[in-house]
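[1] Fold the following.
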Amino acid sequence: MLHELLVDHIRDPHASWACGRFGAIAEFHRDPDEPAEIATGPVIEASTSRGAIRIEVLPELRPVAYETISSCIESWGQGVALCLPRDEAAMSGRAVVTELGPDHAAVRPQDRAAILFDLGLGGEQAEVCVRAADPEAIALLRSACGAALMQSGALMQRLPALSPHRVFCCRMGRVEVYQPIPAPDGKSPEGPHTHVLPRLLAHGRLNAATVPVPEGWLAGMTLFPAHPLLRADGRPTAFDAARYQAFQSLMTQFGDPALVAGKQAAFTGSADSVDDADERRQALGFRIGQRQRRWLQGSDAAES
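    Coordinates of the predicted model:
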């Protein structure tokens with residue numbers, strides 16, 4: 001069932017993916033008309049000229065569907081955290097720039113001779129790496145090995161212009177980004193891109209507080225199914241009842257029953273509010289349900 005779920009979404013150009021930790025994330029997106037190589041065997045892959053993703057459906061892999069309160073008062077967030085038990089999810093935890101050698105695990109064969117460097121930012125469940133074939137970039141990265149990334153002024157200043165591939169890895173797979181790194185005052189490009197934000201990394205969190213990763217588990221990767229109110233690039237679109245219904249099915253299978261119950265209370269009007277301190281998840285569901293209810297009025301999705 002999980003393999004089928006992931007294959008369905010790797011084929012859907014309106015779904016997107018992320019790999020990493022809080023403050024250091026690589027995202028994979030593709031356009032509906034963008035050429036893509038897709039593999040749906042035991043190892044699931046998709047690659048375009050702008051980036052790639054690989055997912056291994058490990059035996060202990062656990063999907064956790066969730067919804068969150070959005071900054072937009074008419075919308076909400078949604079995702080599926082892909083979790084492993086902490087002892088199985090743990091990566092190297094390197095804290096300094098480290099040369100790892102040729103990237104034999106690269107998604108595309110032409111990238112496997114390039115040199116992979118761990119930037120030492122990954123935390124428990126991820127390794128934040130760059131991959132370089134250019135001699136100048138390799139020399140720069142080697143000069144920084146053994147030091148913390150934030151202490152290497154030359155690397156921080158020159159790396160964006162050299163734009164090596166970014167490769168974010170976790171136990172269940174990786175996301176690779178081939179597009180140029182934007183200037184410090186620039187905008188992230190559409191399609192695959194990365195965010196490395198020192199201010200957020202300083203918090204030492206593994207995931208955002210709004211992502212309900214179970215105790216004793218780590219989420220190295222997240223799936224973002226097509227949102228009923230948003231296009232893949234984040235711009236608004238008309239409410240899509242089929243997308244809404246599809247994600248509610250995931251919430252029923254893999255979500256928090258208390259949150260789902262809170263939403264039902266909002267839909268049916270069975271309570272004005274849910275504010276018991278012991279029922280915070282239900283209260284969150286009630287708030288999300290209030291936002292969704294207005295879009296469901298007059299829609300077949302209201303029967304869900």
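[2] Test my guess that Ile138 contacts Arg131.
    No. In this structure, Ile138 is not within contact of Arg131 by Cβ atoms under 8 Å, at 10.0 Å. (Glycine included, C-beta is placed from N, CA and C.)
[3] neighbour-wise, which of those two wins?
    More neighbours surround Arg131 than the other of Ile138 and Arg131, with 24 against 18 (other Cβ atoms under 10 Å).
[4] nearest residue to that one other than its sequence neighbours?
    The shortest distance from Arg131 to any non-neighbouring residue, by Cβ to Cβ, 6 or more residues apart in numbering, is to His165 (4.3 Å).
[5] separation between the one you found and Ser92?
    His165 is 19 Å from Ser92, where distance means Cβ to Cβ, to the nearest Å.
[6] Repeat that for Ala161.
    In terms of Cβ to Cβ, Ala161 sits 28 Å off from Ser92.
[7] Looking at those two, which has the bigger crowd around it?
    Ser92 (14 against 11).
[8] Which positions are bridged to the nearest residue to that one once chain neighbours are set aside in the beta structure?
    Using Cβ to Cβ, 6+ apart and skipping the chain neighbours, the partner closest in space to Ser92 is Glu127 (6.1 Å). Listed beta-bridge partners, Glu127: Cys169 (assigned using DSSP bridges).
[9] wait, Glu127 sits on Ala95?
    No. Glu127 lies out of contact with Ala95 (Cβ under 8 Å); the separation is 11.5 Å.
[10] out of those two, which sits in the more crowded spot?
    The neighbour count for Glu127 versus Ala95, taken as other Cβ under 10 Å, is higher for Glu127 (27 against 14).
[11] The worst-scoring helix or strand of the chain on mean pLDDT packs against which elements?
    Taking mean pLDDT, DSSP states H and E as the measure, the chain has helix 153-162 as its least confident helix or strand, at a mean of 88. The contact analysis (3 or more Cβ pairs under 8 Å, 6 or more residues apart in numbering; DSSP states H and E) places helix 153-162 against helix 135-144.
[12] which of the residues in stretch 45-64 are buried?
    45-48, 50-55, 57, 61-64 (16 or more other Cβ atoms under 10 Å).
[13] Just those: which are in helices?
    Taking DSSP state H, every one of these sits outside helices.
[14] which one of these is nearest Ala148?
    Gly51 (26.7 Å; Cβ to Cβ).
[15] Might you report the residue contacts of the residue nearest to the closest one when sequence neighbours are not counted?
    Closest residue in space to Gly51, ignoring its immediate chain neighbours: Pro192 at 2.8 Å, by Cβ to Cβ, 6+ apart. Pro192 makes contact with 26-30, 48, 50-52, 175-179 under the criterion Cβ atoms under 8 Å, 6 or more residues apart in numbering.
[16] if we go to 7 Å?
    Glu27, Phe28, His29, Arg50, Gly51, Val177, Gln179 (Cβ atoms under 7 Å, 6 or more residues apart in numbering).
[17] Including distance to His104, could those residues go into JSON lines?
    Compiled in JSON lines, the contacts of Pro192 are given as follows (distance: Cβ to Cβ, whole Å):
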{"residue": "Glu27", "distance to His104": "24"}
{"residue": "Phe28", "distance to His104": "21"}
{"residue": "His29", "distance to His104": "26"}
{"residue": "Arg50", "distance to His104": "22"}
{"residue": "Gly51", "distance to His104": "19"}
{"residue": "Val177", "distance to His104": "19"}
{"residue": "Gln179", "distance to His104": "23"}
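[18] got a winner among these for most neighbours?
    Phe28 (27 neighbours).
[19] Can you give me the buried ones in stretch 170-180?
    Within stretch 170-180, the residues scored as buried using 16+ other Cβ under 10 Å are Cys170, Arg171, Met172, Gly173, Arg174, Val175, Glu176, Val177, Tyr178, Gln179.
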